[in-house]
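Undergrad: whatever this is, show me its structure:
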Amino acid sequence: MLRFATFTALLALAATPVAAQTGTDAPGKEPVSTAPANVNPTDTHTLWSPQLPAPPVSDNAPAAAFVQAAQRALAAGRTGEAQEAIERAESRALNRSVVPSTAKNPSHQPLVQQLARARQLLAAGDKTGAMTMLNQALANPEAKAN
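TA: Presented below is the predicted three-dimensional model:
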């Protein structure tokens, strides 16, 4: 009987890591957030960012398509999706070549700066300011080129 109890206890312990990996603390899986998160040090409360809703835009689209998706999401109150779209637009806009020792320095490209500012305003809850910056970014010729 003692053997059976020991075996049962060991089996339960062996299954614990599997159960832990399926919970909401697994990075990249959950939790899913519909609100902006981890934009700057003041709103970062975890070691990893929650998964944000993806904008309905092709991965191969130019930055302008992601800016437009961010505008639509923001207008509809889907701020998490807006953040994700802005971040994807920023990634598309980054087209500079730098030496490795300066890679940590922020880009001074106007479009990248406009998008970064829109993301910061969104994180601060300033939806009007974020929309204004998105409008400026969309008017930037670089948005259509990238």
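
Undergrad: list the residues that contact A145.
TA: Neighbouring residues of A145 by C-beta atoms under 8 Å, 6 or more residues apart in numbering: P62. Where C-beta positions appear, they are placed from N, C-alpha and C, glycine not excepted.

Undergrad: measure it to L111 for me?
TA: 9 Å (C-beta to C-beta, to the nearest Å).

Undergrad: any chance you could map the helices in the protein?
TA: 2-21, 63-75, 79-93, 110-123, 127-139, 141-145 (DSSP state H).

Undergrad: for the second one, packing partners?
TA: Going back to what we said before, that points to helix 63-75. Under the contact definition 3 or more C-beta pairs under 8 Å, 6 or more residues apart in numbering; DSSP states H and E, helix 63-75 sits against helix 79-93, helix 110-123, helix 127-139, helix 141-145.

Undergrad: tell me which residues of the last one are tucked away?
TA: Applying a neighbour-count criterion of 16 or more other C-beta atoms under 10 Å, one finds E142, A143 buried in helix 141-145.

Undergrad: again, but for the longest one
TA: Within helix 79-93, the residues scored as buried using 16+ other C-beta under 10 Å are 79-90, 92-93.

Undergrad: from the residues you listed, pick the one nearest R119.
TA: I86 (4.8 Å; C-beta to C-beta).

Undergrad: list the residues that contact that closest one.
TA: F66, V67, A70, L115, A118, R119, L122, L134.

Undergrad: quick check: the farthest pair among these?
TA: For the contacts of I86, the maximum inter-member distance is 13.8 Å, found between F66 and L122 (C-beta to C-beta).

Undergrad: looking at those two now, which is surrounded by more residues?
TA: F66 (28 against 25; other C-beta atoms under 10 Å).

Undergrad: got the contact list for the closest residue to the more buried one other than its chain neighbours?
TA: The shortest distance from F66 to any non-neighbouring residue, by C-beta to C-beta, 6 or more residues apart in numbering, is to A89 (3.6 Å). Residues in contact with A89 (C-beta under 8 Å, 6+ apart) are A63, A64, F66, V67, A70, L115, A137, A143.
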